[in-house]
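> I'd like to go over a predicted model; first the sequence, then the structure.
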Amino acid sequence: GAVVSQHPSRVICKSGTSVKIECRSLDFQATTMFWYRQFPKQSLMLMATSNEGSKATYEQGVEKDKFLINHASLTLSTLTVTSAHPEDSSFYICSDRKAGLGDTQYFGPGTRLTVL
Amino acid sequence: AQSVTQPDIHITVSEGASLELRCNYSYGATPYLFWYVQSPGQGLQLLLKYFSGDTLVQGIKGFEAEFKRSQSSFNLRKPSVHWSDAAEYFCAVAPRVDTGRRALTFGSGTRLQVQP
């Protein structure tokens, strides 16, 4: 399967600061990448769809000004959590979409964000 | 609206025993179907997927799943479970028709515990 990397794998920050998470598609060019959020012992919830060269599409209830997404190249999407609060603490996972039959998604290893 | 149901939150099986994890979906048309596995603190790994054709799909790690249209189900099976199979398993669907939004909809997950 495809390889997706995320950086950092774990980050602890103070309330009010901003944190950037990188998601890289390592073995093919991904025009579309997805950002998910997972709370402990829960399923993944889609936050936004990241489109290369255009604005991201956010799911209902996700604040676009708080969760800034940039997809500047075909292999890199970034999620910036601005003015982080403790309730933003979560596991953030990205995926890329291999176009073609079934549009299979391959997931990164995730980033554990803890906001103090 | 589309939905995915995994009725079993937690399953415990003995090592060497057979396993079946249930997944039912509610969709306008038969979607693409996926099973992913997630180890603690890790991203998701694709086990198998169904697009069309043979309704019995073989995946990695000895897993298989059977698509039953009449029951709107896509149950995951393994004939003999290994201790390393202990993890969280997610069923997911994606639309066949390209609406411009190909994100996955996940079930709530089933946590598998394996007893020695």
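Sure, I can see it.

> any weak-confidence spans in the chain?
The chain I'm using is chain A. Residues of chain A meeting the criterion pLDDT under 70: A:1-2, A:99-103.

> to clarify, I was referring to chain B.
Within chain B, the segments meeting pLDDT under 70 span B:98-102.

> up against chain A, what does it have?
Within chain B, the residues that sit near chain A (CB under 8 Å from any CB of the partner chain) are B:32, B:34, B:36, B:41-46, B:49, B:51, B:90, B:94, B:101-109, B:111. To be clear about C-beta, it is placed using only N, CA and C from the backbone, and glycine gets the same treatment.

> just the buried ones from those residues?
Listed as buried from these are B:32, B:34, B:36, B:42-46, B:49, B:51, B:90, B:94, B:102-109, B:111; burial here means 16 or more other CB atoms under 10 Å in any protein chain shown.

> show me what counts as buried in the particular helix or strand that has B:A92 in it.
In the assignment (DSSP states H and E), B:A92 maps to strand B:87-94. By neighbour count on 16+ other CB under 10 Å, the buried set for strand B:87-94 is B:87-94.

> could these go into TSV alongside distance to A:S89?
TSV is the format used below for the buried residues of strand B:87-94 (distance: CB to CB, whole Å):
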residue	distance to A:S89
B:A87	23
B:E88	19
B:Y89	25
B:F90	21
B:C91	27
B:A92	24
B:V93	29
B:A94	28
